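Engineer: from the sequence below, what's the structure:
(one chain, ligands or ions: 2)
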Amino acid sequence: MNIRNITLRHMSMPLLKPFTTSFGTLKDREFIVVEVTDAEGRSGWGESVAFVEPSYNEETLKGNWHLLEKFLIPLLSAEEIGHPAELAERFSPIRGNRMAKAALETACWDLYAKQQGRSLASVIGAAKTSIEVGVSIGIQASLEQLLEMIEQRLQAGYKRMKIKIMPGWDVDIVDGVRQKYPDIPLMVDANSAYTLADVDHLRRLDDYQLMMIEQPLAHDDIVDHCELQRQLHTPICLDESIHSADDARKAIELGSCQIINIKTGRVGGLTEAIKLHNLCMERKIPVWCGGMFESGIGRAHNIALSALSNFTLPGDTAASSNYWEEDIVDPAVIVRDGRIDVPEGPGIGYIVNPERLAKYTLHCEVFEV
Ligand code: OSB
Ligand code: MG
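Structural biologist: Ligands and ions are numbered 1, 2, ... in the order given. Down below sits the predicted model:
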């Protein structure tokens with residue numbers, strides 16, 4: 001691929017509105033942008049979705065920077081690569097740290113697609129021309145505020161609403177939402193806020209025709225989820241617990257979930273995300289693409305991935321305007337009638353805007369390959 005240098009940028013972009021989950025409130029999204037440049041001066045772009053704090057998983061922004069600088073960039077530099085699918089194997093001596101791997105791997109996929117003069121979606125064999133999207137809504141100060149947020153997002157055309165839940169903000173809130181909106185496609189995400197001791201309480205959610213409950217139990221569990229799924233009618237969807245296609249196989253064989261949320265960062269890159277998608281298709285497990293408050297770069301990767309055929313449920317890939325005053329790509333990602341068009345231009349199909357990229361960069365370093 002003739003990669004000549006790799007630029008890491010530590011970014012900070014203010015969210016339009018703070019977002020609260022069972023693990024905390026986020027105001028500014030800090031993340032790493034990875035740019036890989038080839039001998040002809042073409043650039044591929046990727047993004048690390050690790051947060052500053054190890055709250056969603058054990059990875060952190062600074063940890064990812066360290067992994068990229070000291071281990072992953074040197075592994076990529078050690079020997080020429082012909083295709084981005086080689087990187088999963090190349091990075092395999094490094095345990096875990098999947099978000100760091102994905103940041104560099106996805107940048108190489110974008111560059112590869114550009115070198116081929118093709119869209120990223122077409123290079124990964126994703127044929128949909130548009131994708132259906134939903135939106136994730138954080139924990140609010142009151143039910144009234146939540147209903148207001150839902151109304152705005154329904155007006156904006158989103159195909160399904162996902163509301164974050166936690167103990168003290170769950171069954172009564174869902175009840176309130178269902179009273180106003182008896183029929184909207186609705187799901188909940190607990191981000192691991194419950195234990196098996198809450199089974200009786202969680203069973204009350206079965207009365208509300210939820211599409212699924214996402215990650216109710218511990219981030220590192222698939223055994224208790226199996227027990228919970230036996231006692232719940234609502235399908236369980238796993239997010240945090242699934243790091244690979246192999247994890248998915250085990251969870252499916254146990255009966256720990258009926259649906260899987262795929263995040264490229266969580267599973268270590270596009271190659272693993274595609275493998276997971278294919279495994280779920282064989283096992284008749286529907287999947288959808290999760291979100292991590294990505295900038296337009298990570299969002300564009302999510303759009304290409306979601307164009308694969310077993311992404312049959314709307315994802316969390318909302319429009320740029322759901323998160324940002326201004327995005328760092330042109331055009332911004334837009335949602336029309338609850339859908340995003342899959343771009344046909346080379347690579348991720350969105351252009352990184354140099355002025356806005358610089359405006360939100362806190363620190364930048366270039367590494368020669
Ligand atoms: O659990 O899906 C999650 C955001 C950050 C970390 C974890 C999650 C989320 C979301 C929002 O639900 C997804 C988005 O809108 O990008
Ligand atoms: Mg989730």
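
Engineer: am I right that Thr25 sits in a strand?
Structural biologist: Yes: assessed by DSSP: H, G, I helix; E, B strand; the rest coil, Thr25 belongs to a strand.

Engineer: so it touches Pro18, yeah?
Structural biologist: Yes: at 5.1 Å, Thr25 and Pro18 qualify as touching, with contact defined as C-beta atoms under 8 Å. To be clear about C-beta, it is placed using only N, CA and C from the backbone, and glycine gets the same treatment.

Engineer: ignoring the adjacent residues along the chain, who's closest to the residue of the chain found nearest ligand 1?
Structural biologist: As assessed by C-beta to the nearest ligand atom, ligand 1 sits closest to Gly291 within the chain, at 2.3 Å. Nearest non-adjacent residue to Gly291, counting by C-beta to C-beta, 6 or more residues apart in numbering: Asp316, 3.5 Å away.

Engineer: cool, Ala218 as well?
Structural biologist: Closest to Ala218 by C-beta to C-beta, 6+ apart is Ser192, at 5.4 Å.

Engineer: one more: Glu53?
Structural biologist: Nearest residue to Glu53, sequence neighbours excluded (C-beta to C-beta, 6+ apart): Thr60, at 6.6 Å.

Engineer: and Leu72, by the same measure?
Structural biologist: Leu72 sits nearest to Leu104 (C-beta to C-beta, 6+ apart), 5.2 Å away.

Engineer: ok, now Leu147?
Structural biologist: Lys180 (5.7 Å).

Engineer: follow-up on the earlier one: residues contacting the residue nearest to Glu53?
Structural biologist: 50-54 (C-beta atoms under 8 Å, 6 or more residues apart in numbering).

Engineer: residue contacts, the most centrally placed residue in the chain?
Structural biologist: Nearest to the geometric centre of the chain sits Gly291, at 3.2 Å (C-alpha atoms, centre = their mean). By C-beta under 8 Å, 6+ apart, the residues touching Gly291 are 136, 263, 299, 302, 315-318.

Engineer: now do it, the pLDDT please.
Structural biologist: Looking at Gly291, its pLDDT is 98.

Engineer: need the three-state assignment for it.
Structural biologist: Gly291 is classified as coil under three-state DSSP.

Engineer: ok, which stretches of the stretch 101-250 of the chain are helices?
Structural biologist: Ranges of helices in the stretch 101-250 of the chain, per DSSP state H, counting those that start in this stretch, are 120-123, 143-155, 171-180, 199-203, 223-231, 245-254.

Engineer: contacts only, for the residue nearest to Leu72.
Structural biologist: 6, 34, 36, 46, 68, 72-73, 76, 87 are the contacts of Leu104 under C-beta under 8 Å, 6+ apart.

Engineer: in helices, which of these appear?
Structural biologist: 73, 76, 87 (DSSP state H).

Engineer: and the residue of the chain found nearest ligand 2, backbone torsions?
Structural biologist: Residue nearest to ligand 2 within the chain: Asp239 (3.6 Å; C-beta to the ion). When quoted as degrees, to the nearest 10, the phi and psi of Asp239 stand at phi -120, psi -90.

Engineer: over to Cys364?
Structural biologist: phi -140, psi 140.

Engineer: from memory it sits against Ile32, does it?
Structural biologist: No: the pair Cys364 / Ile32 is not scored as a contact, 10.4 Å apart, by C-beta under 8 Å.

Engineer: what helices or strands is the longest strand seen in the chain leaning on?
Structural biologist: Ranked by residue count under DSSP state E, the longest strand found in the chain is strand 3-21. Here strand 3-21 touches strand 24-38, helix 61-67, helix 73-78, helix 98-116, strand 361-368, going by 3 or more C-beta pairs under 8 Å, 6 or more residues apart in numbering; DSSP states H and E.
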